[in-house]
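**Student:** with the sequence up front, the predicted model follows.
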Amino acid sequence: MYDLAQLKRVNVHRVYEDSDTSAYKRRVKRKDFEEMVLDLHNGVISGIVAYNIDRIARQPRDLERLIDIYEQARRPTVFGTTAGDYDLTTEDGRFQARICVTIAHKFSADAGRRVARQKLAEATEGQPHKGQRAFGWKDTEHVDEREADLLRRARRDVIKGKTIATLHDEWTELGVRSPQTPPGKTIGYTSVKYVLRNPRLCGYRAYIPQEVRERSGRVDPTEYLVERTDGTPLIGQWETIFTPAEWRATDRCTGRPEEHR
């Protein structure tokens, strides 16, 4: 990047870098990108240099935000990449940039569809979810007995009438954390309810499409159970903590209206 800046004869004010953050997904907030746009708008910087334009934008709307700033700029500006420069103050430059971002957007969309097909195929085969482990398991397949014991006792208590709020208070006192709990925090109220209603507990496989996750955030997996051809839930390939009957009873109890805050 510094070599590119030297080639363009510009000084580097700051390196804006959103590591492991998608430029394609709509719901993803890119902190450094937003700060870069603000600095460009306020005149703190007079341009952008990047390895490629798709490192800056894979959503046409993000490019349009930059184009608006370049068009209104009252100072010399630069938009340089290793593949060439884009003069966003001219029709031709904006046209070229829009084509490149549109192509990058399509590549990401195509890749997303391929990944979605693969994940659906894995789900219909009963393979466990990849990635971060679920509460109650050491990994994607094997039960964590300490967390599993918490879940079993919680199930018995909820069946007897204990509220999720009381259970959450007890788990907070014990310092219980889920794999998704932020550092320094304990498990949240909604997370307690979520882990108790997770159909994975009895072996049921769920598949939530990525577009649903991106649109809605955390989604109730009980609404997305994978079914066999006879309409019964598909059983996954991992160790279970509840029986299907135990899970259904727990789900009915934790789904009661009075349990909502």
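**Tutor:** Structure's in. What do you need?
**Student:** phi, psi for residue 133 please.
**Tutor:** Dihedral pair for residue 133: phi -70, psi 160, per degrees, to the nearest 10.
**Student:** tell me how many other residues crowd it.
**Tutor:** Residue 133 has 17 neighbouring residues, counting by other CB atoms under 10 Å. Every residue, glycine included, has its C-beta placed from N, CA and C.
**Student:** do residue 7 as well
**Tutor:** Using other CB under 10 Å: residue 7 sits among 11 other residues.
**Student:** likewise for residue 27?
**Tutor:** Residue 27 has 10 neighbours, counted by other CB under 10 Å.
**Student:** that one looks like it's in a helix, true?
**Tutor:** No: using DSSP: H, G, I helix; E, B strand; the rest coil, the assignment for residue 27 is coil, not a helix.
**Student:** just give the nearest non-adjacent residue to it, would you?
**Tutor:** Spatial nearest neighbour of residue 27, excluding adjacent residues (CB to CB, 6 or more residues apart in numbering): residue 214 at 4.9 Å.
**Student:** got it, and residue 249?
**Tutor:** Excluding the flanking residues, the one nearest residue 249 by CB to CB, 6+ apart is residue 159, at 6.0 Å.
**Student:** tell me the pLDDT at the one you found?
**Tutor:** Looking at residue 159, its pLDDT is 94.
**Student:** what sits against the spatially most central residue of the chain?
**Tutor:** The residue lying closest to the centre of the chain (CA atoms, centre = their mean) is residue 214, at 6.7 Å. Shown here is residue 214, whose contacts under the criterion CB atoms under 8 Å, 6 or more residues apart in numbering are 25-27.
**Student:** try 10 Å this time
**Tutor:** By CB atoms under 10 Å, 6 or more residues apart in numbering, the residues touching residue 214 are 22, 25-28, 112.
**Student:** give me the buried subset of these.
**Tutor:** Buried by 16 or more other CB atoms under 10 Å: 25, 112, out of those.
**Student:** could you dump the contacts of residue 214 to a markdown table with pLDDT?
**Tutor:** A markdown table is the format used below for the contacts of residue 214 (pLDDT from 0 to 100):
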| residue | pLDDT |
| --- | --- |
| 22 | 89 |
| 25 | 85 |
| 26 | 81 |
| 27 | 80 |
| 28 | 87 |
| 112 | 88 |
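**Student:** residue 253: which of the contacts of residue 214 is nearest?
**Tutor:** Among the contacts of residue 214, residue 27 lies closest to residue 253 (CB to CB), at 32.1 Å.
**Student:** show the backbone phi and psi for the closest one.
**Tutor:** Dihedral angles (degrees, to the nearest 10) for residue 27: phi -80, psi -10.
**Student:** and if you look at residue 78?
**Tutor:** Main-chain dihedrals, residue 78, degrees, to the nearest 10: phi -140, psi 140.
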